[in-house]
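Asks: model this:
(2 chains)
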Amino acid sequence: MKKITGLDCIILVDDDKITNFINKKVIKRADLDVAIKVNSSVTEALNYLKGMSQHPIEEYPRPGIIFLDINMPGMNGWDFIDEYKKLPEKQKKRIIIAMLTTSINPDDENAANQIPEINMYLKKPLTVEKLESTIKDYFPILN
Amino acid sequence: MSTTPPQYKHTELTFQVMVDASPNALILVNEKGKIAYTNAFVEKLFQYERSEIIGQEIEILIPARFKSHHPGHFNSFFKNPKARMMGVGRELYAIKKDKTEFPVEIGLNPIVTVDGNLVLASIIDISERKKAEERFRLVVESASSAMILVDKKGVIRLVNTQTEKLFRYRREELLGQKIEILIPNEIRGNHPKYRKEFSKNPEVRSMGSGRDLYAIDRDANKFPVEIGLNPIETSDGHMVLASIIDITERKKAEENSRNYTKKLENKNKELEQFTYIASHDLQEPLKSITGLSEILIEEYGDLLDQEGRDSLSFLNESTERMKELITALLNYTRLGQKSKLEQIDCNELIKAVKEDLASSISHANTSFEIDTLPTLYGYPTELRLLFQNLINNAIKFRKKERPSIVKISAQKQSKAWQFKVEDNGIGMDMKFSGKIFTIFQQLNSKEEYSGSGIGLAHCKKIAELHDGDICVESTPGEGSSFFFTISTKIK
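Replies: Here you go, the predicted model:
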């Protein structure tokens, strides 16, 4: 198992339990020493991020990557970004946000490119290759 | 010998009284061009005392610029004396004592008396008529469409600036020409016949109703027109005032709209085709996936660990969901197709919907407060689905802590019935009020509240099918009110 510096935890934000099941399998297959937190709604994900400072790091490990779905019931991926912007800079500095979506609407990709908080725009399904290239781009691997 | 029979005197007197009382100015002029007699009206018209002008030359009543020609005309009249109008085709003017000029019409009658040859001139002041003509000319000139005044013989007597612009002729090139100059060659021949028919039965109407009319300009460009005809009485006899509108743009717009409709029809056919593909071609592989995963579970399930078996059951779940979504999409596209408008008693409709939903109503223990609802024209199947979806939602999104109540009422608006379906359920944040009517959009997770996310999209489409709309008012934790309208003018 590889330990990536700065990548203690990956958060999956998706309402679809099957997608989360598959993505968890993909991350496990990449053989990373990393915690996986599944948030099935935007509200849940925001609560996790806001609660980090009040909870011990063992319960609320620091996320390095957030994989964010766009199309979710109630608050969607865009709404998440709006709320995320309000978080303290110090916390956000350590987090990479990758939008992970089935959307084939080019407007979504254009919109994502306009938002500095969004580091990557990926098409579902998540694969080991996509995960590894994300890590390569943003996290120096220390053996 | 007795002289001068008394009867003659009497006749002469009567004649004088008659002449004097005439409302026309009458002047007798002798062969030398001197005024021999005037009636009372001449005094009024020319402002001279009778005694001032009797014995004067007739030219005293003629403006200076015409004076020099007059003796010539005067002499030629006496060479060939017969009753006629003076100066046909020319505009005649007279001048008063105070030197003001005014337009006149003058009738001439030769009279032979014992005192020699005289001419009786009857003079009519046509100022008012000229003013009326000028007013008419101004009205025609200010019209926004081309207007052409045509006389009985088909000769153009008056045109306005719009006519010059439309036909690219200068005014003087048109006046006096036959109207047929503005008609394309191929239909020119029939036009005099149409003109005669119109003058037999003159009435305000549009020309050639049902036929496509064309005009032609100076450069022989043909263009489609619409023409209105107005018979007009003038001092020069019956005329027709034609008002002409260039309808090139309108024709183009009609053509565009026809093309657009055709494209739309094609699109609709494509959509039907899409529906067919969705129903058969997409469902087929889905059924295979379901079948195959069942085989895997039943025959190879024992060989798999828990995660493997979970994967297979998730596979089944996904397939089922896709089937649902395809069916919902199909139903959405089919809404309103092949439906017929019928008279619907909404009270009966709600009763039927409640019977359909009886088990979920009793399970949720929902009570209803339903006002007297109207009877209206609509699509029965669709309207029933609309109510069913709204009532279903009200039950589905009830607040567990309190008994659920659904209120239904209707209000007449100017052009529609507005219905209100109100619940005391969980409500929602109004920032989602637009999103909920979009196909496959849900506010709550599938785990909490099942469904395809198409119910309210259906409702919106059904309201629109009835030329109406749908909207929501809601307070989180208190409940939602859905308002939708059904047009009373729907056809």
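Asks: Please compute how far stretch B:107-121 lies from its chain's middle.
Replies: Taking Cα atoms, centre = their mean, to the nearest Å, one finds the center of stretch B:107-121 at 62 Å from the center of the full chain.
Asks: ok, now stretch A:59-66?
Replies: Using Cα atoms, centre = their mean, the distance between the centre of stretch A:59-66 and that of its chain works out at 9 Å.
Asks: Please apply the same query to stretch B:186-203.
Replies: A distance of 27 Å separates the centroid of the chain from that of stretch B:186-203, by Cα atoms, centre = their mean.
Asks: can you list contacts of it?
Replies: The list of residues contacting stretch B:186-203 from outside it, by Cβ atoms under 8 Å, 6 or more residues apart in numbering or on different chains, reads B:150, B:152, B:154, B:179-180, B:183, B:207-208, B:214, B:229, B:231, B:238, B:240. The way it works is simple: take the backbone N, C-alpha and C, and place the C-beta from them, glycine included.
Asks: Convert it to PDB, retaining C-alpha atoms only.
Replies: Written as PDB, here are the backbone C-alpha positions of stretch B:186-203 (Å, rounded to 0.1, in the frame of the first residue of the first chain):
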ATOM      1  CA  GLU B 186     -50.200  38.900 -68.200                       C
ATOM      2  CA  ILE B 187     -53.100  40.200 -66.200                       C
ATOM      3  CA  ARG B 188     -53.400  43.700 -67.800                       C
ATOM      4  CA  GLY B 189     -55.800  42.600 -70.500                       C
ATOM      5  CA  ASN B 190     -58.600  41.600 -68.000                       C
ATOM      6  CA  HIS B 191     -58.300  44.700 -65.900                       C
ATOM      7  CA  PRO B 192     -60.600  47.100 -67.900                       C
ATOM      8  CA  LYS B 193     -63.300  44.400 -67.600                       C
ATOM      9  CA  TYR B 194     -62.900  44.300 -63.800                       C
ATOM     10  CA  ARG B 195     -63.000  48.100 -63.700                       C
ATOM     11  CA  LYS B 196     -66.300  48.200 -65.500                       C
ATOM     12  CA  GLU B 197     -67.800  45.600 -63.200                       C
ATOM     13  CA  PHE B 198     -66.700  47.600 -60.200                       C
ATOM     14  CA  SER B 199     -68.200  50.800 -61.500                       C
ATOM     15  CA  LYS B 200     -71.500  49.000 -62.100                       C
ATOM     16  CA  ASN B 201     -71.600  48.000 -58.500                       C
ATOM     17  CA  PRO B 202     -69.300  50.300 -56.600                       C
ATOM     18  CA  GLU B 203     -68.800  49.500 -53.000                       C
END
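Asks: on that earlier part again, filter the contacts of stretch B:186-203 down to the buried ones.
Replies: Buried by 16 or more other Cβ atoms under 10 Å in any protein chain shown: B:Val150, B:Gly154, B:Ile179, B:Glu180, B:Ile183, B:Met207, B:Leu229, B:Val240, out of the contacts of stretch B:186-203.
Asks: which pair in these spans the largest distance?
Replies: Within the buried ones among the contacts of stretch B:186-203, two members stand farthest from each other by Cβ to Cβ: B:Glu180 and B:Leu229, at 15.4 Å.
Asks: what about the residue in chain B positioned nearest to chain A, which helix or strand?
Replies: Across chain B, the shortest distance to chain A (Cβ to the nearest Cβ) belongs to B:Gln442, at 3.9 Å. Using DSSP states H and E, B:Gln442 sits within no helix or strand.
Asks: Tell me who's in contact with it.
Replies: Contact analysis of B:Gln442 by Cβ under 8 Å, 6+ apart lists A:Pro73, A:Gly74, B:Tyr449, B:Gly451, B:Gly453.
Asks: what about 7 Å?
Replies: The contact partners of B:Gln442, by Cβ atoms under 7 Å, 6 or more residues apart in numbering or on different chains, come to A:Pro73, B:Gly451, B:Gly453.
Asks: Also A:Val26?
Replies: By Cβ under 7 Å, 6+ apart, A:Val26 lies in contact with A:Leu126, A:Thr127, A:Val128, A:Leu131.
Asks: Buried residues, the lengthiest helix in chain A. List them.
Replies: Counting by DSSP state H, the longest helix found in chain A is helix A:17-29. Neighbour-count burial for helix A:17-29 flags A:Ile18, A:Thr19, A:Asn20, A:Ile22, A:Asn23, A:Ile27 (criterion: 16+ other Cβ under 10 Å).
Asks: Stretch B:421-429 too?
Replies: Going by 16+ other Cβ under 10 Å, stretch B:421-429 has these buried residues: B:Val421, B:Glu422, B:Asp423, B:Asn424, B:Gly425, B:Ile426, B:Gly427, B:Met428.
Asks: can you give me the strands in chain A?
Replies: Along chain A, counting by DSSP state E, strands occupy A:9-13, A:35-39, A:63-68, A:96-101, A:120-123.
Asks: got the ones you listed as CSV, with mean pLDDT, mean neighbour count and distance to chain B columns?
Replies: Supplementary listing: these in CSV, determined by pLDDT from 0 to 100; neighbours: other Cβ atoms under 10 Å in any protein chain shown; distance: least, Cβ to the nearest Cβ, whole Å:
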stretch, mean pLDDT, mean neighbour count, distance to chain B
strand A:9-13, 95, 23, 12
strand A:35-39, 94, 17, 11
strand A:63-68, 94, 25, 16
strand A:96-101, 93, 23, 14
strand A:120-123, 92, 17, 18
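Asks: And these: which comes nearest B:His466?
Replies: With Cβ to Cβ as the criterion, B:His466 lies closest to strand A:96-101 of these, at 35.9 Å.
Asks: okay, the angle between the closest one and strand A:63-68?
Replies: 20 degrees (axes from the mean of the first three to the mean of the last three Cα atoms, to 10 degrees).
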